[in-house]
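Colleague: Have a look at this prediction, sequence included:
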Amino acid sequence: MANYQLTTEQLNFLTVKQLGEWQSSGRQYILVDTRARHEFIQGTIPSAVWLPATEARGGQSKASQEQCSSLVAHAAHSDLVFVSATCEAGRPKRESEPACVAFTLDLLFFMGVLSERMFQLLGGVEAWTSAGGVLEPAATAITTRVTLPSLLEEAGLGHLAQLLQNETLETCHELVANSRIAFLNRLKGLGVVKLAERQKLATVVAKSQNR
């Protein structure tokens, strides 16, 4: 991965105040909590998903591999904001957070996420709570929201996004559940001419109902 590491100039940082401005403006982003499991369970920033930095450094589990793939797909239309316990200019205060989230950033960069899509929250969770931000129990923290565009990217069907821009994943779920054949015919009517692509999309849509 040496040839795919982010340079210092490519590292982007975001303050808690700027994050608040993003929230107010409706900017699309995903919070990624990179702390250890016991810290994440105690409480995380609302809506954050969990991808521990140690997974990127020491070898990924299947779940983390899937989470990385999902983040890569979402990064096509959303920014990623990485949150550690406390982070100053990309360097952690504790050895348990190897190079803050550097390994995670390098991994996602290697997988194709643009550097300008990735940000580190300055001060991490510590800065968030110091500014009056609340933490929610991990049990109620939502996972990365699956959308039709992100699902298309994950399935290697991103080129169909324009054809399906007026469709929603919820509508697709309903159509597939009622009649797979009817869904295939609808896709054909929308311009998805290749049967193999229609079949593949019907399959991934059906599987995504359990996510």
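Modeller: Alright, I've got the coordinates. Residues are numbered from 1 along each chain as shown.

Colleague: Check which residues of the host helix or strand of Thr203 are buried.
Modeller: Here Thr203 is covered by helix 195-208, with elements defined by DSSP states H and E. Neighbour-count burial for helix 195-208, with 16 or more other Cβ atoms under 10 Å as criterion, is recorded at 197-198, 201-202, 204-205, 208. Quick note: C-beta positions are derived from backbone N, CA and C, even for glycine.

Colleague: May I ask you to confirm that Gln120 belongs to a strand?
Modeller: Yes: according to DSSP: H, G, I helix; E, B strand; the rest coil, the state of Gln120 is that of a strand.

Colleague: Thought Phe82 was touching it, still the case?
Modeller: Yes: in this structure Gln120 lies within contact range of Phe82 using Cβ atoms under 8 Å: 5.1 Å.

Colleague: Need the three-state assignment for the residue positioned nearest the centre of the chain.
Modeller: Nearest to the mean C-alpha position of the chain, by Cα atoms, centre = their mean, lies Leu71 at 2.9 Å. Here Leu71 is helix, with the state taken from three-state DSSP.

Colleague: got the contact list for it?
Modeller: Contacts for Leu71 (Cβ atoms under 8 Å, 6 or more residues apart in numbering) come out as 30, 32, 49, 51, 80, 108, 113, 144.

Colleague: For the residue nearest to the fifth one when sequence neighbours are not counted, give me the pLDDT.
Modeller: Excluding the flanking residues, the one nearest Leu80 by Cβ to Cβ, 6 or more residues apart in numbering is Met118, at 5.0 Å. Confidence at Met118, expressed as pLDDT, is 92.

Colleague: I'd guessed Met118 sits against Leu105; true?
Modeller: Yes: in this structure, Met118 is within contact of Leu105 by Cβ under 8 Å, at 5.6 Å.

Colleague: Neighbour count for these two, which is higher?
Modeller: Leu105 (27 against 23; other Cβ atoms under 10 Å).

Colleague: where's that one relative to Gln10, distance?
Modeller: According to Cβ to Cβ, to the nearest Å, Leu105 and Gln10 sit 9 Å apart.

Colleague: Overlap in contacts, those two.
Modeller: If you check Leu105 and Gln10 against Cβ under 8 Å, 6+ apart, no residue is contacted by both.

Colleague: Out of the helices and strands in this protein, which is least certain?
Modeller: strand 91-92 (a mean of 44; mean pLDDT, DSSP states H and E).
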